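Colleague: Build me a structure from this.
(one chain, ligands or ions: 1)
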Amino acid sequence: MSALDLDETHDPQRTSWVEVAPESDFPIQNLPFGIFSTERRDPRIGVAIGDSIIDLRALAEAGHLDPIADRAMFCADRLNALMAAGRPLWRALRGRLGELLRVGGERTLRDMPQALCGFEEARMHLPASIGDYIDFYSSIEHATNLGRLFRPTGDPLLPNWRWIPIGYHGRSATIVPSGTPIRRPCGQRKSPDLEAPVFAPSRRLDIELEIGFFAGPGTELGDRIPIERAREHIFGSVLVNDWSARDIQAWEYQPLGPFLGKSFATTISPWVVTIDALEPFRVAGPAQVPAPLRYLQRHDADNYAISLSIWLSSDAMRKRGLDASPIARTSFATMYWSQAQQLAHAASNGATIRPGDLFASGTISGDLPGSQGSLIELTENGVRPLRLPGGEERAFLEDGDEVTLVARCQREGFRSIGFGKVVGRVLPATNEGCEA
Ligand code: MN
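Modeller: This next block holds a predicted model:
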């Protein structure tokens, strides 16, 4: 097992001259990247610190990033070129930004207030142009829970599960940034008592709490990514809400897997927490039995200690002035298949990986009550609805429900960092052409 790869940018004593609240997700130890715009600025790269954003284009145009790379990389309206540049450059940039932002560091940025703006001024966009999107199924608790629901009499895990990080290709075109309203999808669903399916609004709209990673440097067709080098191909992570219409999914999923029950929308958080910011929180994953095949064998600690929670607020709650209520709390640390294993697997047949491809973990669930990352698990397929503050019950999402996912990394001896949040509110279906 290798030691954590730490440097002065992880020093918990380091503070910034930019104001950062003690509980902020974005202290100087984090420095996540995103794409923002304001009334005066077209979309560009920003770095979050506290409730402020550093305008990377302004810094680059003033020549302050010239030692690191050509200005074009920092003046882009998406992160793909930066993602392609690789870990040595990301580290040099992280080091440079830390130096410009830390108390006692270089004064340059202090003398250019035009390079800073507040969160309240900014509109956030997708961080990257996402070519391909894969969603895995890497929590053994989630796979077991769903297996029990769908195949109550058999082994809940299918025979391949402990050998292959199971995944499917999702739809990158419908990945949207946090805050985008989610229209309830219509689709085919079939109840056992009916002979034919109906085309109608989904009645079992669900969420999936996930963490996704963006690919860094890509591969050529035919190349693989050895698992020992997989982390060099990972730029950073975001929160993912993989909205799921369970009734559409249940009818369509055999034999080729999820399709329209998933492809209508996927929401991601706007700030990409880099692999270097996550390094202090790297922990060993669970023991894997049987041992995976050699190309999937972990060579060091490659999970992350990230705690996550899901919050729900309904129309009725908001009208009564009630705050969003937590409905689940869980951890990423015990995920069975790691990001490195997922990426090594995705490239193992020689399929091209491109910078900005997004790989989501699959629903993150634990084995304690209230630690499941989807409503279908939390309510046991709708049988035990959740009770919300104000007295409403929820089996699946109703129109007007707003779901917020949050995530935070904590470890003794380090400054905690977070992912911000990912939010989405459900809009009513467009009923045109529907039969029910
Ligand atoms: Mn999913």
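
Colleague: which stretches of the stretch 51-200 of the chain form helices?
Modeller: According to DSSP state H, counting those that start in this stretch, the stretch 51-200 of the chain carries its helices in the segments 56-61, 71-74, 80-85, 87-101, 140-150.

Colleague: what comes into contact with the last one?
Modeller: This points to helix 140-150. With contacts defined as CB atoms under 8 Å, 6 or more residues apart in numbering, helix 140-150 is touched by 137, 154-158, 161, 166, 250, 286, 334, 336, 362-367, 371-374, 376-377, 380-381. Heads up, the C-betas are built off the backbone N, CA and C, glycines and all.

Colleague: do stretch 362-377 as well
Modeller: Under the contact criterion CB under 8 Å, 6+ apart, stretch 362-377 has outside partners 135-139, 141-143, 145-146, 149, 166-167, 204, 206-211, 242, 244, 246, 308, 310, 327-332, 334-335, 378, 382, 386, 394-397.

Colleague: What residues sit buried inside that stretch?
Modeller: Residues of stretch 362-377 classed as buried by neighbour count (16 or more other CB atoms under 10 Å): 362, 363, 364, 365, 366, 371, 372, 373, 374, 375, 376, 377.

Colleague: so which strand or helix has the last one?
Modeller: Going back to what we said before, that points to residue 377. Assessed by DSSP states H and E, residue 377 sits inside helix 375-378.

Colleague: strand partners of the helix or strand just after that helix, parallel vs antiparallel please.
Modeller: Reading on from helix 375-378 to the C-terminus, the next helix or strand found by DSSP H and E is strand 386-387. According to DSSP bridges, strand 386-387 forms sheet pairs with strand 393-394 (antiparallel).

Colleague: Closest approach to the ion from this protein, which residue is it?
Modeller: Going by CB to the ion, the ion is nearest to residue 242 of the chain, at 3.5 Å.

Colleague: May I ask you to confirm that that residue is in contact with residue 264?
Modeller: No. With contact defined as CB atoms under 8 Å, residue 242 does not count as touching residue 264 (10.8 Å).

Colleague: So for those two, which residue has more residues nearby?
Modeller: residue 242 (26 against 20; other CB atoms under 10 Å).

Colleague: ok, the more buried one - contacts?
Modeller: 135, 170, 207, 208, 210, 262, 266, 360, 363.

Colleague: now do 6 Å
Modeller: For residue 242, the contacting residues are 135, 208, 210, 266, by CB atoms under 6 Å, 6 or more residues apart in numbering.

Colleague: Measure how buried the residue nearest to it when sequence neighbours are not counted is and give me the count.
Modeller: Nearest residue to residue 242, sequence neighbours excluded (CB to CB, 6 or more residues apart in numbering): residue 208, at 3.8 Å. Per other CB under 10 Å, the neighbour tally for residue 208 reads 26.

Colleague: again, but for residue 248
Modeller: 30.

Colleague: From what I see, it and residue 184 are in contact.
Modeller: No. Counting by CB atoms under 6 Å, residue 248 does not reach residue 184; the two are 10.9 Å apart.

Colleague: Common neighbours of those two, please.
Modeller: When CB under 6 Å, 6+ apart defines a contact, the residues bordering residue 248 and residue 184 alike are residue 202.

Colleague: residues from the stretch 1-150 of the chain in reach of the ion?
Modeller: Taking CB under 5 Å from the ion as the contact definition, the stretch 1-150 of the chain meets the ion at residue 135.

Colleague: and residue 436, what pLDDT?
Modeller: Looking at residue 436, its pLDDT is 68.

Colleague: Low-confidence bits of the stretch 201-350 of the chain, can you list those?
Modeller: When residues are selected by pLDDT under 70, none of them lie in the stretch 201-350 of the chain.

Colleague: For the residue nearest to residue 332 when sequence neighbours are not counted, list the residues it contacts.
Modeller: The shortest distance from residue 332 to any non-neighbouring residue, by CB to CB, 6+ apart, is to residue 306 (3.9 Å). With contact set as CB under 6 Å, 6+ apart, residue 306 has these partners: 332, 407, 409.

Colleague: Which ones, among the residues you listed, also lie beside the ion?
Modeller: Near the ion, judged by CB under 5 Å from the ion, there are no entries from these.

Colleague: Looking at the residues you listed, which are in strands?
Modeller: Here DSSP state E is the test, and the contacts of residue 306 give 407, 409 as lying in strands.

Colleague: Just put the contacts of residue 306 in a markdown table and tack on neighbour count.
Modeller: Below are the contacts of residue 306 laid out as a markdown table (neighbours: other CB atoms under 10 Å):
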| residue | neighbour count |
| --- | --- |
| 332 | 27 |
| 407 | 27 |
| 409 | 25 |
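
Colleague: what separates the residue of the chain closest to the ion from residue 426, distance-wise?
Modeller: Using CB to CB, to the nearest Å, we find residue 242 at a distance of 15 Å from residue 426.

Colleague: List every C-alpha atom in the longest strand along the chain, with coordinates, as PDB.
Modeller: Longest strand of the chain, by residue count under DSSP E: strand 417-427. Extracted in PDB, the C-alpha atoms of strand 417-427 (Å, rounded to 0.1, in the frame of the first residue of the first chain):
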ATOM      1  CA  ILE A 417     -13.800  19.700   1.800                       C
ATOM      2  CA  GLY A 418     -17.100  19.300   0.100                       C
ATOM      3  CA  PHE A 419     -18.800  19.000  -3.300                       C
ATOM      4  CA  GLY A 420     -21.300  21.700  -3.000                       C
ATOM      5  CA  LYS A 421     -24.700  20.400  -4.000                       C
ATOM      6  CA  VAL A 422     -26.800  19.100  -6.900                       C
ATOM      7  CA  VAL A 423     -30.400  20.200  -7.000                       C
ATOM      8  CA  GLY A 424     -33.400  19.300  -9.200                       C
ATOM      9  CA  ARG A 425     -37.100  20.000  -9.000                       C
ATOM     10  CA  VAL A 426     -39.700  17.800 -10.600                       C
ATOM     11  CA  LEU A 427     -42.100  19.400 -13.200                       C
END
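
Colleague: What are the buried residues along that strand?
Modeller: Residues 417, 418, 419, 420, 421, 422, 423, 424, 425, 426 are the ones in strand 417-427 that count as buried (16+ other CB under 10 Å).

Colleague: ok, now stretch 246-263?
Modeller: Residues 246-252, 257-263 are the ones in stretch 246-263 that count as buried (16+ other CB under 10 Å).

Colleague: hey, where'd the strands end up in the stretch 1-150 of the chain?
Modeller: For the stretch 1-150 of the chain, the strands defined by DSSP state E, counting those that start in this stretch cover 33-37, 44-49, 52-55, 116-118, 123-125, 133-136.
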